[in-house]
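Asks: quick one, fold the following:
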Amino acid sequence: MYLAKNLKFLRKKSGKTQDTLSSEVGIGRTTIANYEAAISEPNIETLLMFSRLYGVSLDLLMSKNVEEIYKSGEKDALFQTAFKDGVGGYVSIPRIITVDHKGNDNIVYVPVKARAGYLSGYGDIEFMESLPTFRLPGLSNATYRMFEVDGPSMAPNVLHGDRIIGEWVESLDKIRDNRVYVVVHKGGVAVKRVINRLAERGKLYLKSDTIAHRHEFPTLEIDPEDVREIWYGRMKISSDFSEPAEVYHRLADLETDVMELKEMLKGRKETTEPVSE
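Replies: Okay, here's the model as predicted:
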C-alpha cells in the first residue's frame, strides 16, 4: 500500500511543510508525520479530505505510486482516472479543491487572464494554488468557483467584466435547461445558457443571451466527452450601474410633469381665492 508515501509526496509537491499543512487542515503536525511514516493511518473522513485536497481518488491515493506516475509523465492520466463517474466519464467532484485552515472549501477565482492556463491546469495543484481564493458568507455545503466574464455574448443579463460564482455540478444529467452555467470544455471556458439534450441526442447546447451580437455568437453543440467542468451560476458580482430602461425614464418624466402641474394648479388657486375683509 502506498498511502504513507503518497501523502508525503503530494504534500511536498504542493510546496507545504508538515507545519503548514497542519495549520491548514486542522490536524496536528505529529499526526501528519505519523501518517507519512506509516505509523498510523487516517480514518475514512480524513482520507476523503486528503483525496479532495490533492485531487486524486481514494483508490489512487492508497494503491498506486503517485510519484512514479508523475515521473513517467502521465500526470494527466492520473487525474483523468480520478472520480470517473456519470455521462461521458464526467468527474463527480473537481480535481483540485483548496481548503482553509478549518477544512472548508475555498472559492477559487479564475480571472480572464488565467483562462488559457486554467483549461490545461484545472487538474494541476501548482497552477490552482497560484489562483486567488476567498470565502463568502452563505456559500457553504458545496464547492464553488468564480469566473470573470469576457465579451458581450450574455449581455444585457451578464456583462463583460462581471464575475459569476458557480456551484459544482456533480453530474451532467443534473443540468437544467436555460440556466446560466460556466462550461469548461476542450474549446475553452464559456459562460452560457445550457440546453440539456443528453437523453435525446447525446448533446449539450450552449447559447448566448445577446441580441445585438447574436450573429457573432451562434449556439454551440458540445459532446459530453468534451466537457471538463460545469459550474451552475449561483451569484453574479457586477460593478455595472446602468441607467434604467426607457419605460422607467418615461414614467419618471410623467411623474415629474404631474407634480409640476399640481404645483401650478395650487398656485393659481391661491391667487384667485377672495380675500376676506
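
Asks: give me the domain ranges for this structure.
Replies: Domain assignment for the chain, taken from automatic domain parsing, gives 3-82, 107-237, 243-271.

Asks: can I get these in CSV with distance to Ile93?
Replies: C-beta coordinates here come from the backbone N, C-alpha and C atoms, glycine included. Shown next, in CSV, are these (distance: least, Cβ to Cβ, whole Å):
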stretch, distance to Ile93
domain 3-82, 7
domain 107-237, 7
domain 243-271, 41
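
Asks: ok, Ala37 to Glu45 distance?
Replies: Separation of Ala37 from Glu45 (Cβ to Cβ, to the nearest Å): 21 Å.

Asks: Gln18 now?
Replies: Counting by Cβ to Cβ, the gap from Gln18 to Glu45 is 20 Å.

Asks: comparing those two, which residue is more hemmed in?
Replies: Gln18 (19 against 8; other Cβ atoms under 10 Å).

Asks: check contacts around the more buried one.
Replies: Contacts were defined as Cβ atoms under 8 Å, 6 or more residues apart in numbering; by that measure Gln18 touches Arg11, Arg29, Ile32, Ala33, Glu36.

Asks: what segments of the stretch 51-200 of the chain are strands?
Replies: 107-110, 133-134, 144-148, 163-168, 179-185, 188-197 (DSSP state E, counting those that start in this stretch).

Asks: mind picking out the helix or strand in this protein with the poorest mean pLDDT?
Replies: helix 75-80 (a mean of 45; mean pLDDT, DSSP states H and E).

Asks: tell me how far the nearest residue to Leu53 once chain neighbours are set aside lies from Ser23.
Replies: Excluding the flanking residues, the one nearest Leu53 by Cβ to Cβ, 6 or more residues apart in numbering is Val99, at 6.1 Å. Val99 sits 12 Å away from Ser23, going by Cβ to Cβ.

Asks: relative to Arg11, how far out is Val25?
Replies: To Arg11, Val25 is 10 Å away according to Cβ to Cβ.

Asks: may I have the phi/psi pair for Val227?
Replies: Main-chain torsions, Val227, degrees, to the nearest 10: phi -80, psi 130.

Asks: now for it, how many residues are close by?
Replies: By the criterion of other Cβ under 10 Å, Val227 has 21 neighbours.

Asks: for the closest residue in space to it that isn't next to it in sequence, which residues are in contact?
Replies: Once flanking residues are discounted, Val227 sits nearest to His185: 5.2 Å by Cβ to Cβ, 6+ apart. By Cβ under 8 Å, 6+ apart, the residues touching His185 are Ile222, Asp226, Val227, Arg228.

Asks: quick one: contacts for the second one?
Replies: Looking back up the chat, that one is Asp226. Asp226 is in contact with His185, Lys186, Gly187, counting by Cβ under 8 Å, 6+ apart.

Asks: could you report the separation of the first one from Glu229?
Replies: To tie it back to what came earlier, the one meant is His185. In this view, His185 and Glu229 are 9 Å apart by Cβ to Cβ.

Asks: count of neighbours near the residue nearest to Ile97 when sequence neighbours are not counted?
Replies: The spatially closest residue to Ile97, leaving aside those adjacent along the chain, is Arg52, at 4.8 Å (Cβ to Cβ, 6+ apart). By the measure other Cβ under 10 Å, the count of residues near Arg52 is 20.

Asks: who is Lys236 paired with across the strands?
Replies: With DSSP bridges as the criterion, Lys236 is bridged to Ile164.
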